[in-house]
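Engineer: task: produce atomic coordinates for the following.
(one chain, ligands or ions: 1)
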Amino acid sequence: MTQFSTRVGVVGTGYVGLVSGACFADLGFPVICLDVVPEKVESINQAQPPIFENGLEELLQKVVIEEQLLKATLDREEMFTKSDLIFVCLPTPSSEDGSIDLGYIRSEIKEIGMLLGKTSEWKTIVVKSTVVPGTTSGVVKTILEESSGKQTGIDFGLAMNPEFLMEGVAINNFSNPDRIVIGAVTDKSFNHVKALYESFDCEIQKTTTSGAEMIKYAANSFLATKVSFINEIANICEMLGVDVGEVALGIGLDDRISPRFLRAGVGFGGSCFPKDVKALYAVSKQVSRPSNLLKATLDTNEMQPLRVIDLLETLISVQGKTIGLMGLAFKPDTDDMREAPSIVIANNLLQKGAKVKGYDPIAKETARSAIPGITHCNSVADLLQEVDAAILVTEWSEFRELKPQDFERMNNKIIIDGRRVLDWVTLQDSGYSVKVLGQAVP
Ligand code: UDX
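Structural biologist: Numbers count the residues shown, from 1 in each chain. From the prediction side, this is the model:
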């Protein structure tokens, strides 16, 4: 097989680009990351990650400072010249109507195409951003050919290599994947990308670029649907005197179902599930196969955060009361507030005339800018001080360890557990009124 040069270029240093770049460097490949924000480039080159991700600072210290395998730059030409594979890891946000916004991708691909037009060296462009099926073989290929004057597959390689990284555990996910998916326009493009993954012992699936794009969307949409499914089962269980935790355990023991992503709660958030399900739903309508299931997943998730307010209102009227939100980030081990359920809960409480306090161990600045209308606290004790009720929104480990006496400082002893992680039996035995999402309504 042709021996490829495998210097890696990464465009975009968000949690996908920077984690992927750092992990490729950790495998021994030289990596150069391109970003347009000078502060980000500067902090990466000082091994200071511009994003919160477990283990990333230590990894950057190794690959940037000790081994000098990874550097960041503002100079696109430098990145291009020093790379043989160029991974595009740019945001693909939702448009107003839920469809994908390819703005960042289009403009970057045009710039890369112009550089391709000026070189005779073989380069493979690899889309790693989550893009709807048909994007790589459609708009990406067209823009590359138009701006380079060259032919895909003949003068340069083109592939799509989706990521399956969960925030908070992204480095581990990269290094221990269940599978590698590579969609490519030619065998040469496929083999070039595959050369980076030779040391992995998992399945490497070869498919088309549209196949790889669809695998990514179908994976995220299935996982999101699994979450909305267990949330609906939880809502039914509350009315039937059944604890959804027992149901999740019982069905999860079936290896066709698996226990994962069956934790009922206030709904899914983050930069991926909501955006990806909306984008795939938009595609389903565009191809005249509107997906009722994806629409239901989104509709259920839109209402789910409000379920904790319904539970609270069975105990008190929130008008004029002070409510404390325990946890604000969309999930633990990240400061990411994108589509966080806490935003919906806080705004709904404010609309109902409540005063709202919030605390998150990690999401500070991100939480303040995402939910400006609440009082932001710096500790659980500060949060619980004189509140009329507390709602657990994000299941940070520090909340799981709380004892009844930690809640003594509250005005009323009312606790709503939106993630089903508190020791509600001990709290109830200590005189607290505790409502747990998805638990039988006593
Ligand atoms: C997800 C996918 O898991 C990952 O493969 C993809 O690459 C990016 O999107 P991420 O968004 O980081 O990763 O978080 P994840 O851990 O998957 O959780 C997504 C949301 O679902 C979170 O809001 C989480 O609270 C919620 N969730 C997850 C549940 O409510 N219940 C569960 O059982 C699991």
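
Engineer: ok, which residues in the stretch 101-250 of the chain are in contact with the ligand?
Structural biologist: Residues of the stretch 101-250 of the chain lying close to the ligand (C-beta under 6 Å from any ligand atom) are 163-167, 220, 223, 227. Heads up, the C-betas are built off the backbone N, CA and C, glycines and all.

Engineer: helices or strands up against the lengthiest helix in the chain?
Structural biologist: Ranked by residue count and defined by DSSP state H, the top helix of the chain is helix 209-240. Secondary-structure packing of helix 209-240 (3 or more C-beta pairs under 8 Å, 6 or more residues apart in numbering; DSSP states H and E): strand 157-160, strand 179-184, helix 244-252, helix 273-286, helix 292-303.

Engineer: can I get those in JSON lines including mean neighbour count and mean pLDDT?
Structural biologist: Listed next are the helices and strands packed on helix 209-240 as JSON lines, based on neighbours: other C-beta atoms under 10 Å; pLDDT from 0 to 100:
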{"stretch": "strand 157-160", "mean neighbour count": "26", "mean pLDDT": "98"}
{"stretch": "strand 179-184", "mean neighbour count": "22", "mean pLDDT": "98"}
{"stretch": "helix 244-252", "mean neighbour count": "17", "mean pLDDT": "98"}
{"stretch": "helix 273-286", "mean neighbour count": "21", "mean pLDDT": "96"}
{"stretch": "helix 292-303", "mean neighbour count": "17", "mean pLDDT": "98"}
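
Engineer: which of the ones you listed sits closest to Gly320?
Structural biologist: Nearest of the helices and strands packed on helix 209-240 to Gly320, taken as C-beta to C-beta: helix 292-303 at 24.9 Å.

Engineer: tell me the buried residues in the next helix or strand after the closest one?
Structural biologist: Per DSSP states H and E, the first helix or strand lying C-terminal to helix 292-303 is helix 307-313. Going by neighbour count (16 or more other C-beta atoms under 10 Å), the buried part of helix 307-313 is 307-309, 311-312.

Engineer: distance from helix 307-313 to the middle of the chain?
Structural biologist: Offset of helix 307-313 from its chain centre (C-alpha atoms, centre = their mean, to the nearest Å): 26 Å.

Engineer: who's in contact with it?
Structural biologist: Residues from elsewhere that reach helix 307-313, judged by C-beta atoms under 8 Å, 6 or more residues apart in numbering: 231, 235, 266, 318, 323, 345, 348-349, 352, 389, 391, 393, 414, 416, 418, 435, 437.

Engineer: tell me the buried residues within these.
Structural biologist: Judged by 16+ other C-beta under 10 Å, buried ones among the contacts of helix 307-313: 231, 235, 266, 318, 323, 345, 348-349, 352, 389, 391, 393, 414, 416, 418, 435, 437.

Engineer: just these: which are in strands?
Structural biologist: Among the buried ones among the contacts of helix 307-313, the ones falling in strands (DSSP state E) are 323, 389, 391, 414, 416, 435.

Engineer: what's the neighbour count on the residue in the stretch 301-442 of the chain that the ligand sits nearest to?
Structural biologist: Closest contact between the stretch 301-442 of the chain and the ligand, by C-beta to the nearest ligand atom, is at Lys331 (4.0 Å). Neighbourhood size, Lys331 [other C-beta atoms under 10 Å]: 20.

Engineer: could you list the low-confidence segments of the stretch 301-442 of the chain?
Structural biologist: Residue ranges of the stretch 301-442 of the chain with pLDDT under 70: 441-442.

Engineer: the ligand contacts on that one?
Structural biologist: Residues of the stretch 301-442 of the chain lying close to the ligand by C-beta under 6 Å from any ligand atom are 330-331.

Engineer: mind listing the helices for the stretch 301-442 of the chain?
Structural biologist: 307-313, 341-351, 365-370, 380-384, 397-400, 424-429 (DSSP state H, counting those that start in this stretch).
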